[in-house]
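Student: I need the structure of the sequence given here:
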Amino acid sequence: MAHAAGTLVNALSALVACHLALCARCRGELGRMEAIGGALLDQAREDGLAPKAIDRALARLARIEAKATLPAPPEPGISPGGLLPKPLARHLGKGIDEIPWMELAPGIEQFKIKLPRAGGDLRLLRVQAGKKLLRHGHYGTELTLVLKGAYGDETGEYHAGEVADLDEDIEHRPRVSDDGECICIIAGECYPRYNRLSLRLLRPFLGL
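Tutor: The predicted structure is shown next:
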């Protein structure tokens, strides 16, 4: 809903757009929410959101759906010959095989994606089988979209195509499945939060 309303920071909105490219059901939900927003705007122009305006907007949406299929976001699917969802591949201008990965630790690599100032934190992460990341929390929301493989943490297990939605109350230590490498898109309102002072001091230099 926040993505449809355009209220997400750039990093989170970009990850949602990538998930939408892979999930037909969620594209349908986005179409519904955009239609609800449009109906509410029409109602607001008429009478400034009078009582039961939302009920009338939902009723109007039902009539719209009965007449036509709601439009889906453009460019569903992944880029040719790669794992990257089309919105991200188009933004980067390259495929997964052309990503200039930076090693953070043995078996753990990342690629930070440049965003406008105050746009949040967006990165690709590639981790080899069985590896663990550092325990960390978050400043605000963090979304993780799995593109390949699987990982687990204190909140559950996540496989290709699935999204983990964590808030600032969660602290976790992801571990990649033993079955193979895991590639994810990670988006946060801000950079991760580490409890160890040494990591907080070194974070800007290590790219954490």
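
Student: got the CA coordinates for the host helix or strand of Leu88 in CSV?
Tutor: Leu88 is part of helix 86-92 when elements are defined by DSSP states H and E. Extracted in CSV, the C-alpha atoms of helix 86-92 (Å, rounded to 0.1, in the frame of the first residue of the first chain):
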residue,chain,number,x,y,z
LYS,A,86,14.1,-6.4,-14.8
PRO,A,87,13.6,-3.1,-12.9
LEU,A,88,17.0,-3.6,-11.2
ALA,A,89,18.8,-4.8,-14.3
ARG,A,90,17.5,-1.8,-16.2
HIS,A,91,18.6,0.6,-13.4
LEU,A,92,22.1,-1.0,-13.2
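
Student: Show me what that helix is packed against.
Tutor: Using 3 or more CB pairs under 8 Å, 6 or more residues apart in numbering; DSSP states H and E, the elements in contact with helix 86-92 are helix 10-22. Yep, even glycine has a C-beta here, placed from its N, CA and C like the rest.

Student: roughly how far is the helix it packs on from the heart of the chain?
Tutor: 5 Å (CA atoms, centre = their mean, to the nearest Å).

Student: got it, and stretch 143-155?
Tutor: 12 Å.

Student: ends of it, how far apart?
Tutor: 13 Å (CA to CA, to the nearest Å).

Student: What of stretch 143-159?
Tutor: Start-to-end, stretch 143-159 (CA to CA) is 14 Å.

Student: Using neighbour counts, pick out the buried residues of it.
Tutor: Buried residues in stretch 143-159, counted by 16 or more other CB atoms under 10 Å: Leu143, Thr144, Leu145, Val146, Leu147, Gly149, Ala150, Tyr151, Asp153, Tyr158.
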